[in-house]
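1. give the three-dimensional model of this entry:
(one chain, ligands or ions: 1)
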Amino acid sequence: MALFDHVQKNLDTATVVVLGVTLWLTYALGLGIYRVFFHPLSKVPGPWLAAATQWYETYYELVPNGGGAFTKRIKQMHEQYGTIVRINPNEVHIDDPEYYETIYSNKPYDKLLSFENRFNMPHATFMTAHADVHKRRRNAVAPFFATNKVRGHGPFIQSLVDKISQRMTDEYSGQKKPLVLNDVFGCLSGDVITNLAFARSYHLIESQKWESPFTTAVSNLVHTSHWTTQFVWIIPLMNCIPDKVVMALSPIFKPIVEFRLAMEAQVRDLLSGESKEIKEASHKTLFTEILASGLPPEELTMLRLQNEAVSVIGAGFETTRWSLTVASYYILANPSVYQTLREELIAAMPDPSKILTWGELQKLPYLSACIEEALRLGYGVVQRSPRISRDSFFHYKNYLIPPGTGVSSDAYHMHHHEEIFPDSYTYRPERWLGNPKGPDGVKYLSRYNVAFSRGSRTCLGMPMAYCEMFIALATVFRRHELQLFETTKEEVSFHHDMVTPQPPYGSKGVRVLVK
Ligand code: HEM
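-> Take a look at the predicted model:
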């Protein structure tokens with residue numbers, strides 16, 4: 001007690017601060033030394049600073065080039081250190097196309113816990129880190145996404161595209177009025193998902209300026225994702241603040257909160273049994289499938305269903321609109337591609353008012369190749385999505401990667417392997433013609449196109465995305481002659497990794513004139 005009094009009397013504030021900082025620095029230095037020299041991953045090559053501290057990743061995600069620069073930095077690391085690199089203290093990235101399906105396999109691997117809450121929907125299937133919980137949730141929603149169900153929605157998707165096509169004729173044809181395809185396809189994707197998943201129409205494709213509240217919300221969500229991933233306390237802190245205050249204080253979070261509240265309202269309608277739209281819907285919605293799936297009551301709470309609703313829109317909206325935009329740009333920017341596609345579409349559909357079904361369109365080789373190549377150069381999702389084994393080692397070459405380690409690859413790395421995709425930055429649909437094999441002469445080339453990822457967490461919405469892409473591109477390019485307007489490759493280039501690839505800040509999008 002006497003010693004305590006003595007210390008208290010003789011320690012001024014400055015001394016306490018200096019002591020605290022010294023202790024913290026000693027701890028940080030010790031931890032860094034342990035991670036670089038004694039950690040189980042210490043033999044994996046990579047920059048020592050990335051091995052020593054998570055701040056290395058944080059810096060690249062937040063600062064250079066306006067943020068979202070870590071994926072490109074990882075590519076540089078591979079050029080310097082080889083196919084396996086340690087990209088942060090607890091994660092390795094493997095850039096070996098033959099190893100991709102070992103990481104993204106059907107085994108019950110977890111996702112990173114620090115990624116779970118970054119979009120404030122930790123209970124959604126998409127975000128669920130724990131493999132067993134994920135499997136249960138995925139099984140509940142899977143019937144909604146089944147290919148045969150989506151096939152049945154083809155005529156509905158066609159009806160939406162018909163309306164867009166009509167507007168292109170009525171409002172844009174022959175006028176010097178540019179149409180921003182990013183916005184048009186954003187409205188289409190938004191209407192498809194909300195109608196099919198929730199039996200609710202926001203009539204986005206009818207909006208005068210092709211505006212969609214989801215565009216701003218999802219765009220703001222992905223643009224804040226590095227902050228909310230690197231500083232995991234941001235979301236819990238925000239959740240303590242009343243929504244009204246967040247909306248008043250933050251123009252970035254306002255559309256996100258509004259989007260969440262809109263989804264909450266939908267779920268409330270559903271649970272109360274008062275939703276006229278759901279009762280009258282001719283198809284089973286996402287929610288009717290979940291409620292019929294036999295999940296226990298704790299999986300059917302308002303919060304859980306709201307998280308699922310927000311995530312399905314988020315997962316399907318930005319990716320599909322981007323892929324359609326990328327496809328349209330490259331088709332229009334390459335006259336021979338445009339010409340060949342038009343010829344195929346005219347031969348297959350002599351009467352432009354009669355567009356083939358999705359199943360029939362899938363048999364058109366050049367259209368299919370254009371879509372495959374757009375998915376390759378659009379990447380889908382560029383940010384790595386690490387897999388973690390809780391109890392077994394990953395073996396790669398001479399490296400044994402212990403349980404608990406994040407292991408990743410990504411579409412950006414996969415899609416630029418020159419031995420698989422020669423001249424990989426060039427849009428060449430021809431590379432897909434004839435269903436060719438990959439470099440080993442055994443596996444099909446399509447196995448190396450991983451825009452939808454692979455394995456137990458592969459994209460559930462893949463059939464819906466393909467259906468939408470086939471119908472939209474076939475209709476637009478069969479019925480209309482388009483011309484790029486003040487648009488360059490920059491508009492569809494990957495400049496920032498905001499989970500999805502983003503063009504340079506200030507991009508005006510892919511703009512076209514309708515002849
Ligand atoms: C071209 C369009 C699309 C692309 C490129 C794409 C890509 C992806 C990728 C790469 C993943 C895996 C992410 C990860 O491992 O963390 C994923 C998951 C998912 N996607 Fe898609 N997606 C597209 C369209 C859609 C659509 C239209 C929907 C829904 C309507 C959808 C719903 C989902 C869901 C629910 C998951 C989570 C699956 C799970 O965790 O088990 N996606 N998507």
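
2. residues touching the residue in the chain positioned nearest to the ligand, list them.
-> Using CB to the nearest ligand atom, the single residue of the chain nearest to the ligand is Gly461, 2.0 Å away. All C-beta atoms are positioned from the backbone trio N, CA, C, and that covers glycine. When contacts are counted by CB atoms under 8 Å, 6 or more residues apart in numbering, Gly461 touches Phe145, Val312, Ala315, Gly316, Thr320.

3. any idea which helix or strand comes after the helix or strand hosting the fourth one?
-> Just to be clear, that refers to Gly316. Element membership for Gly316 (DSSP states H and E) is helix 302-333. Beyond helix 302-333 on the C-terminal side, the first helix or strand identified by DSSP H and E is helix 335-348.

4. quick one: buried residues of the helix holding Gly316?
-> Burial within helix 302-333, assessed by neighbour count using 16 or more other CB atoms under 10 Å, is assigned to 304-333.

5. please apply the same query to stretch 396-403.
-> Along stretch 396-403, the positions that meet the burial threshold by neighbour count (16+ other CB under 10 Å) are Tyr396, Tyr399, Ile401.

6. thinking again about what came up before, distance from the helix holding Gly316 to the middle of the chain?
-> 7 Å (CA atoms, centre = their mean, to the nearest Å).

7. pLDDT weak spots in this protein?
-> Applying pLDDT under 70 to the chain flags the ranges 1-4, 6-10.

8. who's in contact with the residue nearest the centre of it?
-> In the chain, the centroid-proximal residue (CA atoms, centre = their mean) is Val381; its distance is 4.1 Å. Taking CB under 8 Å, 6+ apart as the contact definition, Val381 lies against Thr319, Asp410, Ala411, Ala451, Ser453, Val499, Thr500.

9. same question for Ala374.
-> Listed by CB under 8 Å, 6+ apart, the contact set of Ala374 reads Ser323, Leu324, Val326, Ala327, Tyr330, Tyr427, Met469.

10. among the residues you listed, which ones lie close to the ligand?
-> Among those, the residues lying close to the ligand (CB under 6 Å from any ligand atom) are Ser323.

11. so which bits of the stretch 251-400 of the chain are right by the ligand?
-> Of all the residues in the stretch 251-400 of the chain, those in contact range of the ligand (CB under 6 Å from any ligand atom) are Val312, Ala315, Gly316, Thr319, Thr320, Ser323, Gly380, Val381, Ser385.

12. one more time with 8 Å
-> 311-313, 315-317, 319-320, 322-324, 375, 378-381, 385 (CB under 8 Å from any ligand atom).

13. filter the contacts of Val381 down to the ones in helices?
-> By the criterion of DSSP state H, membership of the contacts of Val381 in helices covers Thr319, Ala411.

14. which one of the contacts of Val381 is nearest to Leu41?
-> Distances from these to Leu41 were compared by CB to CB; the smallest belongs to Asp410, at 19.1 Å.

15. I'd assumed Thr71 was in contact with that closest one.
-> Yes. Contact between Asp410 and Thr71 holds when scored by CB atoms under 8 Å: they sit 6.6 Å apart.

16. overlap in contacts of the two?
-> Val382, Gln383, Arg384.

17. so which of the contacts of Gly461 comes closest to Gly174?
-> Taking CB to CB as the measure, Gly174 sits nearest to Thr320 out of the contacts of Gly461, at 29.1 Å.

18. now the closest one. Nearest residue, chain neighbours left out?
-> Spatial nearest neighbour of Thr320, excluding adjacent residues (CB to CB, 6 or more residues apart in numbering): Ser189 at 4.3 Å.

19. tell me the contacts of that neighbour?
-> Applying CB under 8 Å, 6+ apart, one finds that Ser189 lies in contact with Gly316, Phe317, Thr320, Arg321, Leu324, Glu468.

20. that one should be in a helix, yeah?
-> Yes. Under DSSP: H, G, I helix; E, B strand; the rest coil, Ser189 sits within a helix.

21. how much space between it and His415?
-> Look at Ser189 and His415: by CB to CB, to the nearest Å, they are 22 Å apart.

22. residue boundaries of the strands in the stretch 1-150 of the chain?
-> Ranges of strands in the stretch 1-150 of the chain, per DSSP state E, counting those that start in this stretch, are 84-88, 91-94, 110-111.

23. need those in JSON lines with distance to Leu270 and mean neighbour count, can you?
-> Conversion of those to JSON lines gives the following (distance: least, CB to CB, whole Å; neighbours: other CB atoms under 10 Å):
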{"stretch": "strand 84-88", "distance to Leu270": "41", "mean neighbour count": "24"}
{"stretch": "strand 91-94", "distance to Leu270": "39", "mean neighbour count": "24"}
{"stretch": "strand 110-111", "distance to Leu270": "27", "mean neighbour count": "20"}
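
24. so which of the ones you listed is nearest Val337?
-> Minimum separation from Val337 across those (CB to CB) falls at strand 91-94, 33.1 Å.

25. and that closest one, what does it pack onto?
-> With contacts defined as 3 or more CB pairs under 8 Å, 6 or more residues apart in numbering; DSSP states H and E, strand 91-94 has these neighbours: helix 70-81, strand 84-88, strand 406-408.

26. run the last query once more with 6 Å
-> Helices and strands in packing contact with strand 91-94 are listed as strand 84-88, strand 406-408; criterion 3 or more CB pairs under 6 Å, 6 or more residues apart in numbering; DSSP states H and E.

27. alpha carbons of it, as CSV, please.
-> Listed next in CSV are the C-alpha coordinates belonging to strand 91-94 (Å, rounded to 0.1, in the frame of the first residue of the first chain):
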residue,chain,number,x,y,z
GLU,A,91,-2.9,-15.2,-44.4
VAL,A,92,-1.3,-16.6,-47.5
HIS,A,93,-2.3,-16.0,-51.1
ILE,A,94,-1.6,-18.6,-53.8
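
28. any residue of that strand up close to the ligand?
-> No. Interface with the ligand: strand 91-94 contributes nothing (CB under 8 Å from any ligand atom), its closest point being 14.5 Å away.
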